[in-house]
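[1] sequence unavailable; structure follows:
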């Protein structure tokens, strides 16, 4: 779901580790690497996939740590609420001391209800909603999700204060 974010980061020269239940190649990362070959000054990023088994957070942290090869300078997470705290606590040791955290949440989350899981890190929160079109509603598109998350990532990288970003309408979604 966040492949566009991973591709953008790789295009900016980041080395990205993507824990996911299913392998999904990131075409933008390959394109960034090809462009970097043509331009010696272009950033050289990469994307590495790590199998995520959310119910085994310690194993996930070990695998991600091996793929990282050092402290992470940014964490963008979208973890189901059931596993959110155990997974983020498990990967906390992989983060650089000042690494910002961008947490993505699907569905409606009342403003300010969730505390950041990693309180020792600067944080941004993204709450994904839906779009109302006339009398019907639809879920956000991948492009709308990526745009919303990238806005939070840019704020995090600019060391901006905590902001809760609502993408689309996030009040209770009417059933149709």
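    Nice, I can see it. Values in this document were obtained by computation on a predicted structure and should not be read as measured data.

[2] shaky segments in this protein?
    Applying pLDDT under 70 to the chain flags residues 27-43, 108-114, 171-176.

[3] all strands for it, in order.
    Secondary structure of the chain (DSSP state E): strands located at 15-20, 46-51, 75-77, 101-105, 123-128, 130-133, 136-139, 164-167.

[4] okay, now residue 152: neighbour count?
    Number of residues near residue 152 (other C-beta atoms under 10 Å) recorded here: 24. For every residue, glycine as well, the C-beta is placed using N, CA and C.

[5] so residue 67 versus residue 149, what's the distance?
    If you measure residue 67 against residue 149 using C-beta to C-beta, to the nearest Å, the figure is 21 Å.

[6] of the two, which one has the most company?
    residue 149 (24 against 16).

[7] what residues are up against that one?
    Residue 149 makes contacts with 2, 5, 76, 102, 104, 126, 167, as judged by C-beta atoms under 8 Å, 6 or more residues apart in numbering.

[8] can you pick out the most distant pair from the residues you listed?
    Largest separation among the contacts of residue 149 by C-beta to C-beta: 76 and 167, giving 14.1 Å.

[9] show me where this structure has its helices.
    3-11, 27-38, 57-68, 84-91, 142-157 (DSSP state H).

[10] pick the most buried one from those helices.
    Among the helices of the chain, the stretch with the highest mean neighbour count (mean count of other C-beta atoms under 10 Å) is helix 3-11, at a mean of 22.

[11] for it, packing partners?
    When contacts are defined as 3 or more C-beta pairs under 8 Å, 6 or more residues apart in numbering; DSSP states H and E, helix 3-11 packs onto strand 15-20, helix 27-38, strand 46-51, helix 142-157.

[12] compare the ones you listed and give me the one nearest residue 60.
    Closest among those, once you apply C-beta to C-beta, is strand 15-20, at 5.7 Å.
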